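**Student:** predicted model and sequence follow; I will ask about them next.
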Amino acid sequence: MRRSRLLIVLLGAAILLLALGACQPAEPEVITKVETQEVTIVETQEVQVNVPVSFQMESQRLAAVKANGVLRCGVNSGVPGFGFLNESGEFVGFDTDFCRAIATAIFGDPSAVEFRPLTAAERFTALQTNEVDVLIRNTTWTFTRDVELGTDFGPTTFYDGQGMMVRKDSGFDSLNDMEGATVCVLSGTTTELNLADAFSSRGLSYDTLVFDKSDETAAAYDEGRCDGLTSDKSQLAGLRTTMTNPADHKILPETMSKEPLGPVWAQGDQQWGDLVRWVVNGVIIAEEKDITAANVAETAAGDPQDPEVRRLLGLEGSFGELLGLDPDFMVNVISAAGNYGEIYERNLGPDGTDIPRAGSANALWSDGGLLYAPPWR
Amino acid sequence: MTETSPEQTPKNSSFAFLRDLRFIQALAQAVFVILVLLAGRWLIGNLLESVQTRGLSLSFDFFRRTAGFVVGEGLPMERTDTFWYAYLIGLYNSLRVIGIGLLLATVVGVLAGIALLSTNWLLRSLVSIYVEIMRNTPLLVQLFFIYFGIILKLPSLQDRITVGAFSLSNRGFYFPKPIPGTGFPLWIAVTLAAVVVSIVLYRVLLNRRVQQGVETRPLLWSGIILIGVPAAVWIFTPGHPLALDYPALQGLRMEGGATLSPEFAGILVGLVLYTGAFIADIVRAGILAVAKGQQEAATALGLSKSQVLRLVVLPQAMRVIIPPLTNQFLNLAKNSSLAVGVGYPDLYNVSSTIFNQSGQAVQVISLMMGTYLVMSLLISAVMNYLNSRLQIKER
C-alpha cells in the first residue's frame, strides 16, 4: 500500500516537473524576439544608405553543411537522364549534376555530395525533417507544395510536361482513343492528379494502377498490365530505353500539364535559398556568355572585358562573399559541371536520353526558350 | 525512550528509509518512469517544434478536401470524392485481403501441417520443401516473383485463356457474376430456413443415435433438406432467383461479370502461401505435442485414422496451436501493407498517396498506425476469446 502511494506521489511530481519544463522554453523565445526587434530598428535607421554591409549574416544551413563537409542532396535513382544509379554505382544525370554544382560552389569539390535516393512519396518528408539539404529530384513546382508544405522552390531547371506512353500496336493516336484504358502511374506525384484531370475533362473512363517506385510502374507496363504509362515526358523518354523492346512504344502528342522542375529546399533559411538559386542562375548565365568548362579558367585568367562575366567569375564585386562562398566560386562550378548547355547535352542530349532541346521551352530565352536568368549584379 | 540517545535516534530514523529495499525499488522505478517520460517529451517536442518552424498544421480537416485522384480498385470513386473516402476504400481493400487471407492461410496451414506428419514420403517431402522455401525467403521477394514472374506473364487480354464463361489473362481472372432476380428474396428466405432446420435436425438425430444406439443417419437426412429444399424452390419459383452476368470484352476491358484483379490475386496468394507455411509448422508442433498414448488409445478403440485426427488429436492440439497462431494472424494483417509492392490499393498504398497529395504526413501516418493497431487488437481479442474457450475447464 505505502509503496504504491509513494510511487504515485513520485509520478505526480515527475509529471509536474515535466509540465513546468514544457512551459520554460517559451521564455527565452520571447527574449530573443525582443532582441531581434531592437537590432532591426537600429539597422533600418542607420543603414539606409549602405544596405549590403549589414546583411553579412551567414545561412545557418550553409554553416551546418560546411561543418558536415558534404552536401546532402535528395535525388532520384531510377530515372535515366535525370537521376540514375549507373552500373559502376555512381549517380549520374541532369539533377545530380546540379547537386554537384552546388557542392562545388560550397567546397570547390564536385564529389563533396552525399546522394540520398528518395522515392516520390518520401521526398517532402525528407526535406521537412532535415534529412537532406536540398532536393533536386524532378520535383514539380505547385501552389500547395510551395505554400503549404514548408518548402521553397528554386529557379526552374527543366520545363517538362506530362505525357502518355503507349504501345505502337495499340492503335492509340491520341488520348481521346483511350476510353476504358488501364494506366500505370507512380504514387504521390502530380502525375496522378493530372491524369484524373485529363481523363475526366475528356469524359473518358479509365482504371489506374499505382506503384510507389518508378521501376515497378515501368515493369508492370512493360508486361502489358497497363495500356498506357504516364509520367513527365522527359522521364518517359528515359523509361522507354529500359523497355524490353523500346521501338515498340511511342509517346502520344498531348501534353497533359505544365511541369516546371527545379531544386527545392526547406523554408526558413532565405540565405540558403539564395545560394541554390544563384548557382543555378550562374550556370545559365555562363551559357549565355559562352563560358564552358573548357574555357572558364582561361577566361578568368585572361582579364575579360564583359562586365557581367567579370562579376560572374568573381573578378569584380563581392558576390561570393555575400553568399558566404569564395569570390571565384562560379569558376569552380563551371569548370566542374559546365554551363547549363553542357549539363543538358551530357545527360539529355543525343548521347543521353535524347530529349531535343532546340525549339523547346528549355532553350535559352535568346533562342526562343524560357530559360532566363536575372542579371548578375 | 527519548532520553537514552537524543542525538542519534532522530538521525538514524530520518535516513533509515534510504536503506529500505522497498524504497530503493520504488525509487528505481520512479527514475525509470521519469526517463521514459523525458524521452517521450523530447521526441514529441521535436515533432511539434519542426511542425511549427515549417508552418505546418496538425489538423485533420484536409480529409474533407477533394482528393483529385481515383483509387483503381475496391469501391467506385470519382475524382471529386474526398481524401477521407479514398482512405475508406483503402481500408476496405485491406480488410478484404486480410479477411480472405486469414481464412485461406488457416486452411493451407492446417492441411500442410498434417501433411508434414504424413506417412506418405512423397507428400511429406513436397510439403516440407514448400514450408522451408516459404519460411526462409523474404515475403516481398515472393510477392514480386508471384506478381511480376507469374501473374503478369499470363497472356494479354486479347489472347486470354477462355474456359466456358471463365477467362484468364494478365488483366485478371474474369468469371460470371450472379445477379439477384425477382424470385431472389423468396428463395434466399427458404434457403436460410432450410439451413436452420437441417442444423437442428442433425443435432436431434445425432443425440438420438448417441443416447439410444440406433443408426439415425443424421448427416444423410440433414443433407437432403439442406440441398433438396433450396433446389426444389429454385425450380418452382416464378422467374429465376439468380441470373448470371457474363463478362465480355468491350474495347480495352472486360465489361460485366466479376473480376479477380492480378494485384489482389498477387498479394492474396503471397500472404496465404507465406503465412500458411508458418502455420503448417505450428500445426505440426501442436499435433506432436499431444501425448502419443492418446493416439494409441483412440486407435485401440477402433477409430479410423481420420477419426483419430479429427476427434482426438486436433481438439487437444488446438490448445497448443492457438497462441502462436494468433501471432501469425497478426503478421498476416500487418504484412498486407506490402501490397504497395504489387500495386494493390490497400490502406498503406492509398494512405501514401493521400499524404503525398496533401502533404500532411504526420496526420495520415498516425491515423494509419491507429487503424492497423485497432485491426491487430481485434484479431488478438477474438483469438484470446477462442483460446479461453478451448482451454481445459477444471471442474
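**Tutor:** Now that the structure is in, tell me what you want to look at. Numbering: from 1, shown residues only, chains lettered A, B, ... in the order given.
**Student:** residue contacts, residue A:169?
**Tutor:** Contacts for residue A:169 (CB atoms under 8 Å, 6 or more residues apart in numbering or on different chains) come out as residue A:248. Yep, even glycine has a C-beta here, placed from its N, CA and C like the rest.
**Student:** give me the pLDDT for it.
**Tutor:** You'll see residue A:169 listed with a pLDDT of 87.
**Student:** and it, that's in a helix?
**Tutor:** Yes - assigned with DSSP: H, G, I helix; E, B strand; the rest coil, residue A:169 falls within a helix.
**Student:** can you give me the distance of it to residue A:250?
**Tutor:** Distance of residue A:169 to residue A:250, given as CB to CB, to the nearest Å: 10 Å.
**Student:** what does residue A:60 give?
**Tutor:** 49 Å.
**Student:** between these two, which one's more packed in?
**Tutor:** residue A:250 (16 against 12; other CB atoms under 10 Å in any protein chain shown).
**Student:** shouldn't that one be within a helix?
**Tutor:** No - looking at residue A:250 with three-state DSSP, it is strand, so not inside a helix.
**Student:** I figured it was touching residue A:165, is that so?
**Tutor:** Yes - taking CB atoms under 8 Å as the definition, residue A:250 is a contact partner of residue A:165 at 7.1 Å.
**Student:** could you report the neighbour count for the residue of the stretch 251-395 of chain B found nearest chain A?
**Tutor:** Per CB to the nearest CB, the residue of the stretch 251-395 of chain B with the smallest distance to chain A is residue B:356, at 3.0 Å. Neighbour count of residue B:356, defined by other CB under 10 Å: 25.
**Student:** tell me the average confidence for the helix or strand encompassing it?
**Tutor:** Using DSSP states H and E, residue B:356 maps to helix B:347-358. The average of the pLDDT scores along helix B:347-358 is 88.
**Student:** how close does the residue lying closest to residue A:173 once chain neighbours are set aside get to chain B?
**Tutor:** The shortest distance from residue A:173 to any non-neighbouring residue, by CB to CB, 6 or more residues apart in numbering or on different chains, is to residue A:252 (7.4 Å). To chain B, residue A:252 is 15 Å away according to CB to the nearest CB, to the nearest Å.
**Student:** show me what contacts residue A:252?
**Tutor:** Listed by CB under 8 Å, 6+ apart, the contact set of residue A:252 reads A:163, A:164, A:165, A:166, A:172, A:173, A:174, A:175.
**Student:** and the buried ones among the residues you listed, selectable in ChimeraX?
**Tutor:** Only the buried entries of these go into this ChimeraX selection, using 16 or more other CB atoms under 10 Å in any protein chain shown:
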select /A:163,164,165,166,172,175
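**Student:** my guess is the residue of the stretch 251-395 of chain B closest to chain A contacts residue A:187. True?
**Tutor:** Yes - if you go by CB under 8 Å, residue B:356 and residue A:187 touch, sitting 6.8 Å apart.
**Student:** hey, what's in contact with both of the two?
**Tutor:** A:120, A:121.
**Student:** how about stretch B:57-75 and chain A, touching?
**Tutor:** Yes - Stretch B:57-75 reaches chain A (CB under 8 Å from any CB of the partner chain) through B:68, B:69, B:70, B:71, B:72.
**Student:** select from the residues you listed the one having the most neighbours.
**Tutor:** residue B:69 (29 neighbours).
**Student:** check what pLDDT that residue gets.
**Tutor:** If you check residue B:69, the pLDDT there is 85.
**Student:** again, but for the one 3 residues further on
**Tutor:** The confidence metric pLDDT takes the value 81 at residue B:72.
**Student:** still on that earlier bit, cross the contacts of residue A:252 against strands and list the overlap.
**Tutor:** A:163, A:164, A:165, A:166 (DSSP state E).
**Student:** partner residues bridging the last one?
**Tutor:** The reference is to residue A:166. residue A:228, residue A:250 (DSSP bridges).
**Student:** wait, isn't it in contact with residue A:224?
**Tutor:** No - at 11.6 Å, residue A:166 does not count as touching residue A:224 under the criterion of CB under 8 Å.
**Student:** what ranges does the stretch 251-377 of chain A have for its helices?
**Tutor:** Secondary structure of the stretch 251-377 of chain A, counting by DSSP state H, counting those that start in this stretch: helices at A:270-288, A:296-301, A:307-312, A:319-323, A:329-337, A:340-348.
**Student:** now, of the ones you listed, which is deepest in the fold?
**Tutor:** Of all the helices of the stretch 251-377 of chain A, helix A:329-337 carries the top mean neighbour count, a mean of 25, counting by mean count of other CB atoms under 10 Å in any protein chain shown.
**Student:** who does it touch, helix- and strand-wise?
**Tutor:** Counting contacts by 3 or more CB pairs under 8 Å, 6 or more residues apart in numbering or on different chains; DSSP states H and E, helix A:329-337 is packed against helix A:94-107, helix A:270-288, helix A:296-301, helix A:319-323.
**Student:** do that again at 10 Å, thanks
**Tutor:** Packed against helix A:329-337 by the contact rule (3 or more CB pairs under 10 Å, 6 or more residues apart in numbering or on different chains; DSSP states H and E) you find helix A:94-107, helix A:270-288, helix A:296-301, helix A:307-312, helix A:319-323, helix A:340-348.
**Student:** convert the second one to CSV, retaining C-alpha atoms only.
**Tutor:** Once non-C-alpha atoms are left out, helix A:270-288 reads as follows in CSV (Å, rounded to 0.1, in the frame of the first residue of the first chain):
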residue,chain,number,x,y,z
GLN,A,270,16.5,32.6,-47.0
GLN,A,271,20.2,32.8,-47.4
TRP,A,272,20.5,29.1,-48.2
GLY,A,273,17.7,29.5,-50.8
ASP,A,274,19.6,32.4,-52.4
LEU,A,275,22.8,30.3,-52.7
VAL,A,276,21.0,27.5,-54.5
ARG,A,277,19.1,30.0,-56.7
TRP,A,278,22.2,31.8,-57.8
VAL,A,279,24.3,28.8,-58.5
VAL,A,280,21.5,27.7,-60.9
ASN,A,281,21.2,31.2,-62.4
GLY,A,282,25.0,31.3,-62.7
VAL,A,283,25.3,28.2,-64.9
ILE,A,284,22.5,29.6,-67.1
ILE,A,285,24.3,33.0,-67.4
ALA,A,286,27.5,31.1,-68.2
GLU,A,287,25.8,29.5,-71.2
GLU,A,288,24.5,32.9,-72.3
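**Student:** how big is the angle separating that helix from helix A:329-337?
**Tutor:** 60 degrees (axes from the mean of the first three to the mean of the last three CA atoms, to 10 degrees).
**Student:** now helix A:270-288: average pLDDT?
**Tutor:** 95.
**Student:** so does it get close to chain B?
**Tutor:** No - Helix A:270-288 lies apart from chain B when judged by CB under 10 Å from any CB of the partner chain; the minimum separation is 13.8 Å.
**Student:** where are the low-confidence patches of the stretch 1-150 of chain B?
**Tutor:** Counting by pLDDT under 70, the stretch 1-150 of chain B shows low-confidence ranges at B:1-13.
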